[in-house]
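Enquirer: coordinates only, sequence not included:
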């Protein structure tokens, strides 16, 4: 693997980058302990209210609380901001932090659409800062090993990726997941995982076919996708928000295949088979915590190295992922208010 393709803390300088947590919701409560338990410096937290920031800071013993996002990104003791707000706010929150000179680790999906993602990446490049998508799956040990196997030719010519992300989530029409004003639907919350997985293996598709069933509120209840590639490869992907699924993934090649059991996008074991179906490898590396520390360690490594991108998930690929998601949404008829604000639209 190349220098940029190996997540971890090797080569980190001291003192370590100091983190600011932007947003105090559910996902922030998952990322923060993985940061702290693995030695990262969580310096500050910012929320829309001081009460929420203070409560979050007390829960995780964070030194500084800010009652606004603007105050958080202006904090001179913060080097990198973790943007953990709901995805309709990723764009404005990331731009706020970048304008203040902070690196950003942005929760998935990177933005609501490609134009927002492009603006984030272009501003980061202009300012010499890092804008990294928090697709934590890419940095997990089993995914690192899978990339090694694919590159080594152990699977022969990889032909097919199959992956799903189906959950039985709240059906309340006012819930964020079912509200188009808040970017609801299966695709952005759940489909981002198998879509990003297909990009990890094959890169950007040359063709996309998509179909969906919609909720009464107008967001996608379930979406099926086929990504096609110039060499004839296919990725078969599915997501749903109201039915629990197997949440498994397969990578199939001419000389073998990899099967990742439920839940494939979390720290997981996998089994590799040869072309005759014989088991040739079982991978199972223990992971402490939830496993979200690996993406943070990679961010810290990039900062210490003075790099703006890595090979695992370069910012420009996060833009390509959103372009693919935009095309899926176009085909299934799922639009968001932010689409109309695209400065590039005629």
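Expert: Sure thing, it's come through. These figures come from a predicted structure and were not determined experimentally.

Enquirer: grab the nearest non-local neighbour of residue 209.
Expert: Leaving aside its chain neighbours, residue 209 sits nearest to residue 226 (4.6 Å; criterion: Cβ to Cβ, 6 or more residues apart in numbering). (Glycine included, C-beta is placed from N, CA and C.)

Enquirer: which stretches of the stretch 201-346 of the chain aren't confidently modelled?
Expert: 345-346 (pLDDT under 70).

Enquirer: how about the helices in it?
Expert: In the stretch 201-346 of the chain, the helices defined using DSSP state H, counting those that start in this stretch lie at 293-305, 315-332.

Enquirer: could you do the stretch 1-150 of the chain as well?
Expert: Ranges of helices within the stretch 1-150 of the chain are 26-37, 50-60, 69-74, 90-99, 114-127, 141-152, based on DSSP H, counting those that start in this stretch.

Enquirer: between those, which one is nearest to residue 210?
Expert: helix 114-127 (15.6 Å; Cβ to Cβ).

Enquirer: which strands and helices sit next to the closest one?
Expert: Helix 114-127 is packed against helix 90-99, strand 103-107, strand 131-134, helix 315-332, with contacts defined by 3 or more Cβ pairs under 8 Å, 6 or more residues apart in numbering; DSSP states H and E.

Enquirer: reformat the ones you listed as CSV; add mean neighbour count.
Expert: As requested, those are arranged in CSV below (neighbours: other Cβ atoms under 10 Å):
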stretch, mean neighbour count
helix 90-99, 22
strand 103-107, 26
strand 131-134, 26
helix 315-332, 20
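
Enquirer: and those: which comes nearest residue 117?
Expert: Closest to residue 117 of the helices and strands packed on helix 114-127, according to Cβ to Cβ: helix 315-332, at 4.3 Å.

Enquirer: mind giving me a markdown table with the helices of the stretch 1-150 of the chain and columns for distance to residue 290 and mean pLDDT?
Expert: As requested, the helices of the stretch 1-150 of the chain are exported to a markdown table (distance: least, Cβ to Cβ, whole Å; pLDDT from 0 to 100):
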| stretch | distance to residue 290 | mean pLDDT |
| --- | --- | --- |
| helix 26-37 | 5 | 98 |
| helix 50-60 | 14 | 98 |
| helix 69-74 | 23 | 98 |
| helix 90-99 | 20 | 98 |
| helix 114-127 | 25 | 98 |
| helix 141-152 | 13 | 98 |
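
Enquirer: which of those helices is buried the deepest?
Expert: Compared across the helices of the stretch 1-150 of the chain, helix 90-99 shows the largest average neighbour count, a mean of 22 (mean count of other Cβ atoms under 10 Å).

Enquirer: and the residue nearest the centre of the chain, how far is that from residue 278?
Expert: In the chain, the residue lying closest to the centroid (Cα atoms, centre = their mean) is residue 135, at 2.3 Å. Distance, residue 135 to residue 278, by Cβ to Cβ, to the nearest Å: 32 Å.

Enquirer: quick one, phi psi at the residue lying farthest from the centre of the chain?
Expert: Of all residues in the chain, residue 276 has its C-alpha farthest from the mean position, at 34.5 Å, by Cα atoms, centre = their mean. Phi and psi for residue 276, reported as degrees, to the nearest 10, are phi -100, psi 0.

Enquirer: the closest residue in space to residue 150 that isn't next to it in sequence: how many residues sit nearby?
Expert: Setting aside the residues directly before and after it, residue 150 is nearest to residue 158 in space (Cβ to Cβ, 6+ apart), at 5.9 Å. Residues lying near residue 158 (other Cβ atoms under 10 Å) number 22.

Enquirer: ok, now residue 296?
Expert: Applying other Cβ under 10 Å, we find 27 residues neighbouring residue 296.

Enquirer: list the contacts of it.
Expert: Shown in contact with residue 296 (Cβ atoms under 8 Å, 6 or more residues apart in numbering): 19, 31, 34-35, 38, 40, 82, 105.

Enquirer: if you set the cut-off to 10 Å instead, what comes out?
Expert: Contact analysis of residue 296 by Cβ atoms under 10 Å, 6 or more residues apart in numbering lists 7, 9, 17, 19, 31-32, 34-35, 38, 40, 42, 80, 82, 105, 132, 134, 136, 139.

Enquirer: can you check residue 332 too?
Expert: By Cβ under 10 Å, 6+ apart, residue 332 lies in contact with 185, 187, 210-214, 220, 223-225.

Enquirer: could you list which of these belong to strands?
Expert: Per DSSP state E, strands hold the following members of the contacts of residue 332: 210-214, 220, 223-225.

Enquirer: quick one, which of these are buried?
Expert: For the ones in strands among the contacts of residue 332, a burial check counting by 16 or more other Cβ atoms under 10 Å picks out 210, 212, 220, 223-225.

Enquirer: contacting residues for the residue lying closest to residue 272 once chain neighbours are set aside?
Expert: Nearest in space to residue 272, with sequence neighbours left out and distances taken as Cβ to Cβ, 6+ apart, is residue 281 at 4.0 Å. In this structure, residue 281 makes contact with 145, 149, 154, 256, 258, 270-274, judged by Cβ under 10 Å, 6+ apart.
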